[in-house]
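Following is a predicted model, sequence given first.
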Amino acid sequence: MEMQSSARRRKLLKFQVFIAMRAGRGNGSGAVAARHREQYDQPESRVMSRPRPKHLDLTKIRLPVPAFVSILHRVSGAALFLFMPLLLWLWQESVASQQRFEQFRSVASHWAVKLVLIGLLWAYLHHLCAGIRHLALDLDIGTELAAARASSWIVLVAGVGLTAVVGVMVW
Amino acid sequence: MVKRQVIGAHYGLRDWLAQRVTAVAMVVYTLLLLLALAGLPRLDFQHWKSLWELPLMRFATVLFAACLLVHAWVGVRNILMDYVKPIGLRLALHALTILALAWYGMWTVQILWGV
């Protein structure tokens, strides 16, 4: 907030210098322009450009569980979107005819396809569970830190657990 | 704080609400589908196909698809707005997303009515 307003102030000052120069009241070496330059070149603008220690190394960041569940919600949603054509195609083949149903079965029982489908099953289940958690949070249920952490663990375990159960059933 | 009403105009609340309403509808559909699958005597082609020929199933599935498209649009758009900064690229990806979702919607109807 403060950074934004100081940036706006600097922009305004720059603009005033520009106007003053255009009006012929200075050629950049006048008193007004010098004062503006002095204000514009405040130490804070130099501080902003100095390298600071930032902990944005993705391999070093340790996310709290709710953040982990949240980013997985996004990842699972994106995966479901990207694999939608595959799912639609499989569904199409499965209902088209007896013969194409058999072909669908042989494709879907390939281990690689099975792995992808079980991955997508996890994405669906995690997205579903995390989504229900979001709805509860929207209703102000479980917004305390301890409760939010606990519900995140439940979502994480439920997603993986349900996938494992169904995965073993269909393998 | 500004008082914002869900039914008011354009605060971004409409998309927020749409995403949640469609989510709940899809949860209901998921349970319905699981029930329908559990009710099948055997999971062979005949039963599988006849399941998708039930008028209720077709109606519910079209509704589910519509919800999915709206839900996915809001979600994908949010992702693109967060990570894709060049405005031209973002616009192109938004357009591609809309076209893809429209195609998936038509494809769903096509599959259901076996054209």
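Structure received.

How is chain A divided into domains?
Chain A breaks down into these domains under automatic domain parsing: A:2-41, A:65-170.

Quick check: nearest residue in space to the closest residue to chain B within chain A, chain neighbours excluded?
Using Cβ to the nearest Cβ, the closest approach of chain A to chain B is made by A:F101 at 4.2 Å. (Glycine included, C-beta is placed from N, CA and C.) Nearest non-adjacent residue to A:F101, counting by Cβ to Cβ, 6 or more residues apart in numbering or on different chains: B:F45, 4.2 Å away.

can you pull the contacts of the one you found?
For B:F45, the contact set (Cβ atoms under 8 Å, 6 or more residues apart in numbering or on different chains) comprises A:Q98, A:F101, A:E102.

looking just at contacts, which helices and strands does the helix or strand hosting the second one meet?
A:F101 is part of helix A:98-108, with elements assigned from DSSP states H and E. Contact partners of helix A:98-108 among helices and strands, from 3 or more Cβ pairs under 8 Å, 6 or more residues apart in numbering or on different chains; DSSP states H and E: helix A:84-96, helix A:111-138, helix B:45-53.

What's the mean pLDDT across it?
For helix A:98-108, the mean pLDDT works out to 96.

the inter-axis angle of that helix versus helix B:45-53?
Going by axes from the mean of the first three to the mean of the last three Cα atoms, to 10 degrees, helix A:98-108 is angled at 100 degrees with respect to helix B:45-53.

residues contacting A:A158?
Listed by Cβ under 8 Å, 6+ apart, the contact set of A:A158 reads A:L125, A:C129.

Spell out which parts of chain A neighbour chain B.
A:74, A:77-78, A:80-81, A:84-85, A:88, A:91-92, A:94-96, A:98, A:101-102, A:128, A:131-132, A:135, A:138 (Cβ under 8 Å from any Cβ of the partner chain).

Now that we have the residues you listed, which of them are buried?
A:77-78, A:80-81, A:84, A:88, A:91-92, A:94-96, A:101, A:128, A:131-132 (16 or more other Cβ atoms under 10 Å in any protein chain shown).

For A:G161, what is the enclosing helix or strand?
Going by DSSP H and E, A:G161 is in helix A:145-170.

for the record, mean pLDDT for that helix?
Average pLDDT, helix A:145-170: 95.

helix/strand/coil for residue 60?
Picked chain A for this. Following DSSP: H, G, I helix; E, B strand; the rest coil, the label given to A:K60 is coil.

got a pLDDT number for the closest residue to chain A within chain B?
Using Cβ to the nearest Cβ, the closest approach of chain B to chain A is made by B:F45 at 4.2 Å. On pLDDT, B:F45 comes in at 95.

before we move on, the earlier item: of the contacts of B:F45, which is the nearest to B:P86?
A:F101 (45.2 Å; Cβ to Cβ).

my guess is that closest one meets B:W48, correct?
Yes: using Cβ atoms under 8 Å, A:F101 makes contact with B:W48 at a distance of 7.3 Å.

Now do the contacts for A:V155.
A:V155 touches A:V69, A:H126, A:C129, A:A130, A:R133, counting by Cβ under 8 Å, 6+ apart.

The fourth one: how many residues sit nearby?
Read it as A:A130. 24 (other Cβ atoms under 10 Å in any protein chain shown).

Look up the closest residue to it, ignoring the ones flanking it.
A:A130 sits nearest to A:H73 (Cβ to Cβ, 6+ apart), 4.1 Å away.

ok, whichever strand or helix holds B:F59 near chain A or not?
Here B:F59, judged by DSSP H and E, is contained in helix B:55-83. Yes: applying Cβ under 8 Å from any Cβ, one finds helix B:55-83 touching chain A at B:A72, B:G75, B:V76, B:I79.
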